[in-house]
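Undergrad: this is a predicted model, with the sequence first.
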Amino acid sequence: MDFKDYLQPYQSTSETSHQERGRLRNYADFYKDDFDGDLLAYDIFILGVPEGRLSLNNESCAFAPDEIRCSLYELYRGDWSHSVLDLGNLKLGNEVEDTYVALQELSSYLIQHGKVLLVLGGGHDLIIPIYKGHAALGKPVNFASADAYLDFQDGEKSHSRSFLSQLLASQDSLMSQYSLLGYQSYLCSPRELKLLEEMDVHLLRLAEINSDLREVEPYVRGLDHLSIDLSVVKSSEAPASVHSSPNGLTAASLCAIMRYTGMNIGLKSMLFSELNPRMDGNKQSAKVYAQAIWHFFEGYQMRCNDFPNQELNNFQKFYVSSELSELVFYKSQELSRWWVELPTKDSLLPCSFIDYKNAVEGLLSHRLLKYIKH
């Protein structure tokens, strides 16, 4: 694949002295037109997509990629061994659909080769070509968004606030599961919420996340892709979106979720979207996204396959009887993560210690009830 046809290399405006070698700008490599290295030798790829034409009332999010980079590359690196290549920015097409096609092809190529792609948007509608890049490989996919809104408006033209209809409604969709994390009920239509519940979408309210952040980890453990809409973060901490709300995740909570996400060995892509630099005083929101990416790198370093394996004997096993089902719980000895086995399912499903504890006490959590129901 000839990347030159797709990419505009990133031009950094920062100069790094010898004393600043620990910063991320000296940890990542940068794609240039004369790049002659082995692209597939890298683990993580960063791609800016300055496409905001379908970002509803927030079109200036197109200017976000380089703003995020400015804050990201000022951070100090952790004790990491993975390699990162910044591909620069995707060249935009004359029409939004042309940009979509290019992003789809790049996504599919990197995912096919087992790489992780971090997309700096741009609008949240960029999830559509990323999904198509995954689906091009012909395997069912597990997607999620962290967003204050549903982005589901039946009958509306597809844009950054209505893309979910397109992702879920197709009869040939390969979407095996979709989760929405951090939505705020008062910003969402009850009718649409009910419809999404009927479509087996995993819905996790902001209040549920804030009550115990650790309960988010099982939701992101099996994902192929996670999108972040800046509206999910409270406006006082990340003001650079017209859709931001006084309520939302804190920046610290977002970073914790990113760390969990980085630990997921199956995660293949992420999208950071809807950041409007023209509304970003002191680059506050760009710093939030930059630090979230830093925590993703931190989680990536911790990746290990701790899935319960009989041959490796890498787990503890617990049997629990309930009125609805016989449950078998598995606890990883490596990272202390939990899974549950249901009689009606062919595979182990991610869960938490709280799910196990409730089951022992005769209670089934919302997560387990949903597993049993579906």
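TA: All right, it came through fine.
Undergrad: which stretches of the stretch 51-200 of the chain aren't confidently modelled?
TA: 154-157, 171 (pLDDT under 70).
Undergrad: swap the cut-off to 90 and go again
TA: Across the stretch 51-200 of the chain, residues meeting the criterion (pLDDT under 90) sit at 151-173, 198-200.
Undergrad: please enumerate the strands of it.
TA: Taking DSSP state E, counting those that start in this stretch as the test, the strands found in the stretch 51-200 of the chain are 84-90, 116-121, 141-146, 175-183.
Undergrad: and the longest one, which strands flank it?
TA: Meaning strand 175-183. strand 141-146 (parallel), strand 202-205 (parallel) (DSSP bridges).
Undergrad: give me whichever of those strands is most buried.
TA: Stretch with highest mean neighbour count among the strands paired with strand 175-183: strand 141-146 (a mean of 24; mean count of other C-beta atoms under 10 Å). All C-beta spots, glycine's among them, are computed from the backbone N, C-alpha and C.
Undergrad: and of the strands paired with strand 175-183, who's closest to Asp29?
TA: strand 141-146 (28.6 Å; C-beta to C-beta).
Undergrad: on that earlier part again, closest to Glu326 out of the strands of the stretch 51-200 of the chain?
TA: Comparing the strands of the stretch 51-200 of the chain under C-beta to C-beta, the one sitting nearest is strand 175-183, at 23.7 Å.
Undergrad: which parts of the closest one are buried?
TA: Buried residues in strand 175-183, counted by 16 or more other C-beta atoms under 10 Å: 175, 177-183.
Undergrad: how about stretch 48-61?
TA: 48-52, 54-56, 58-61.
Undergrad: cool, and stretch 361-370?
TA: 364-365, 367-368.
Undergrad: strands - which of those residues land there?
TA: Assignment to strands by DSSP state E places none of these there.
Undergrad: can you pick out the most distant pair from the buried residues of stretch 48-61?
TA: Longest distance between any two of the buried residues of stretch 48-61 is 20.6 Å, between Gly48 and Leu56; criterion C-beta to C-beta.
Undergrad: so what's the most centrally placed residue in the chain bridging to?
TA: In the chain, the centroid-proximal residue (C-alpha atoms, centre = their mean) is Leu226; its distance is 2.0 Å. Taking DSSP bridges, one finds Ala144, Met270 as the beta-bridge partners of Leu226.
Undergrad: and it, what's its pLDDT?
TA: Looking at Leu226, its pLDDT reads 98.
Undergrad: kindly report the same for the one 3 residues further on.
TA: Each residue has a pLDDT score; the one for Asp229 is 98.
Undergrad: could you pull up the residues touching the residue nearest to it when sequence neighbours are not counted?
TA: Nearest residue to Asp229 in three dimensions, chain neighbours excluded: Asp147, at 4.0 Å (C-beta to C-beta, 6 or more residues apart in numbering). For Asp147, the contacting residues are 124, 180-183, 227-229, 231-232, by C-beta atoms under 8 Å, 6 or more residues apart in numbering.
Undergrad: contacting residues for Glu20?
TA: With C-beta under 8 Å, 6+ apart, Glu20 has these contacts: Asn26.
Undergrad: how close does it get to Asn57?
TA: With the distance defined as C-beta to C-beta, to the nearest Å, Glu20 ends up 39 Å from Asn57.
Undergrad: now Gln177
TA: As judged by C-beta to C-beta, Gln177 and Asn57 stand 30 Å apart.
Undergrad: I'd say Met263 and Glu298 touch.
TA: No - at 9.1 Å, Met263 does not count as touching Glu298 under the criterion of C-beta atoms under 8 Å.
Undergrad: the more surrounded of those two?
TA: Applying other C-beta atoms under 10 Å to Met263 and Glu298 shows that Met263 carries more neighbours, namely 22 against 17.
Undergrad: let's see the pLDDT reported for that one.
TA: 97.
Undergrad: also Ala41?
TA: 96.
Undergrad: in space, what's closest to it - neighbours in sequence excluded?
TA: Per C-beta to C-beta, 6+ apart, closest to Ala41 is Ser83, 6.9 Å.
Undergrad: check whether that neighbour really touches Ile46, as I assumed.
TA: No - using C-beta under 8 Å, Ser83 makes no contact with Ile46, being 11.7 Å away.
Undergrad: quick one, phi/psi of the spatially closest residue to Trp294 that is not a sequence neighbour?
TA: Nearest in space to Trp294, with sequence neighbours left out and distances taken as C-beta to C-beta, 6+ apart, is Leu75 at 5.3 Å. Main-chain torsions, Leu75, degrees, to the nearest 10: phi -70, psi 160.
Undergrad: how far away is Leu75 from Ala28?
TA: 11 Å.
Undergrad: which of the three states applies to Ile46?
TA: strand (DSSP: H, G, I helix; E, B strand; the rest coil).
Undergrad: can you name the residues bridging to it?
TA: Residues in beta-bridge contact with Ile46 (DSSP bridges): Asp86, Leu118.
Undergrad: pretty sure it is touching Asp86, no?
TA: Yes - Ile46 lies in contact with Asp86 (C-beta under 8 Å); the separation is 4.5 Å.
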